[in-house]
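> Model the following, please.
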Amino acid sequence: MSRLADETEARQLAEGLDVCRSARRVLDDPLTPNAEVRYTAIRLTECLADALRVAESRGRRLPPAGDDADDLGEEPIREVGNGPADRDLGARP
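Numbers count the residues shown, from 1 in each chain. Presented below is the predicted three-dimensional model:
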């Protein structure tokens, strides 16, 4: 069951990345029709909901507060906005 959940999460996050890249192109074009902008907003909202579900699900799997991640051999969680994936989305500094 855990493997199925991980595969579903990976698929949802990959789809979200694709939608974000597509949205960037749509929103960068000032001549994009309103209907296409609206569709893009709907898709982005769906992907955000999926990403929030993934984050919530993964958050439930974290050790309780007060446990030291180093004791478990895990890497600390990095801040959002500092990685290569963020640059792929066209994040601005």
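
> Check the offset of the helix or strand harbouring residue 41 from the chain's centre.
Using DSSP states H and E, residue 41 sits within helix 34-60. From the chain centre to the centre of helix 34-60 is a distance of 8 Å (Cα atoms, centre = their mean, to the nearest Å).

> If we go by neighbour counts, what in stretch 33-44 is buried?
Neighbour-count burial for stretch 33-44 flags 40, 43-44 (criterion: 16 or more other Cβ atoms under 10 Å). No exception for glycine: its C-beta is placed from N, CA and C like everyone else's.

> Now those in CSV, please, with extra columns for pLDDT and distance to residue 55.
What follows is the buried residues of stretch 33-44, written out as CSV (pLDDT from 0 to 100; distance: Cβ to Cβ, whole Å):
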residue, pLDDT, distance to residue 55
40, 96, 22
43, 96, 19
44, 96, 16
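
> Let me know the closest of these to residue 62.
residue 44 (26.6 Å; Cβ to Cβ).

> That closest one contacts residue 21, correct?
No. With contact defined as Cβ atoms under 8 Å, residue 44 and residue 21 do not form a contacting pair (11.3 Å).

> what residue ranges in the chain are flagged as low confidence?
In the predicted model of the chain, residues 67-93 satisfy pLDDT under 70.

> hang on, the earlier thing: by contact count, what packs against the helix holding residue 41?
helix 2-28 (3 or more Cβ pairs under 8 Å, 6 or more residues apart in numbering; DSSP states H and E).

> Which strands and helices lie in contact with the helix it packs on?
Using 3+ Cβ pairs under 8 Å, 6+ apart: helix 2-28 touches helix 34-60, helix 84-88.

> Now render these as CSV, adding distance to residue 12.
Shown next, in CSV, are the helices and strands packed on helix 2-28 (distance: least, Cβ to Cβ, whole Å):
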stretch, distance to residue 12
helix 34-60, 4
helix 84-88, 15
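
> out of the ones you listed, nearest to residue 7?
That would be helix 34-60 among the helices and strands packed on helix 2-28, by Cβ to Cβ, at 11.9 Å.
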